[in-house]
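In: using only what follows, build the 3D model:
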Amino acid sequence: MADKVENLILEHLRVIRDGMETVKGDLHDIKVRMTGVEEGLAGVHRRIDRMDARLDRVEKRLGLVES
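Out: Sure thing, here's the model as predicted:
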């Protein structure tokens, strides 16, 4: 009887371990994709910063703001 319980527990632990491996793989994929999103967002911020600087220069040339 004790052997059956022990085997049942070990079987459940194996299933849990296999599930954890799947979760670890999925988490790795999410991390890789999140890194790509962060890099893309950083690129957008750089473009916005450049556009802001260009807009400042245009406003100064047109005399819309004080120097």
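In: ok, R61 to M51 distance?
Out: 16 Å (Cβ to Cβ, to the nearest Å). The C-beta positions use only the backbone N, C-alpha and C, and glycine is treated the same way.
In: what of L64?
Out: The gap separating L64 from M51 is 16 Å, by Cβ to Cβ.
In: from I48, how far off is the spatially most central residue of the chain?
Out: Nearest to the mean C-alpha position of the chain, counting by Cα atoms, centre = their mean, stands M34 at 1.9 Å. The spacing between M34 and I48, counted by Cβ to Cβ, is 21 Å.
In: E59 and R47: what is the separation?
Out: For E59, the distance to R47 - Cβ to Cβ - is 19 Å.
In: how far out from the middle of the chain is the host helix or strand of L41?
Out: For L41, the element it lies in under DSSP states H and E is helix 2-62. Put simply, helix 2-62 sits 3 Å off its chain's centre (Cα atoms, centre = their mean, to the nearest Å).
In: average model confidence for that helix?
Out: On average, the pLDDT along helix 2-62 is 96.
In: what is the burial count for A42?
Out: Neighbour count of A42, defined by other Cβ atoms under 10 Å: 10.
In: contacting residues around it?
Out: By Cβ atoms under 8 Å, 6 or more residues apart in numbering, no residues touch A42.
In: and it, how far from G36?
Out: 11 Å.
In: for E59, same thing?
Out: According to Cβ to Cβ, E59 stands 35 Å off from G36.
In: again, but for L13
Out: L13 sits 35 Å away from G36 when distances are taken as Cβ to Cβ.
In: ok, R14 next?
Out: Applying Cβ to Cβ to R14 and G36 gives a distance of 34 Å.
In: cool, D18 as well?
Out: Taken as Cβ to Cβ, the span from D18 to G36 is 28 Å.
In: what do you get for A53?
Out: Using Cβ to Cβ, one gets 26 Å for the distance from A53 to G36.
In: kindly report the same for K60.
Out: Separation of K60 from G36 (Cβ to Cβ): 37 Å.
In: then E11?
Out: E11 sits at a distance of 39 Å from G36 (criterion: Cβ to Cβ).
In: same check, this time on R50
Out: As judged by Cβ to Cβ, R50 and G36 stand 22 Å apart.
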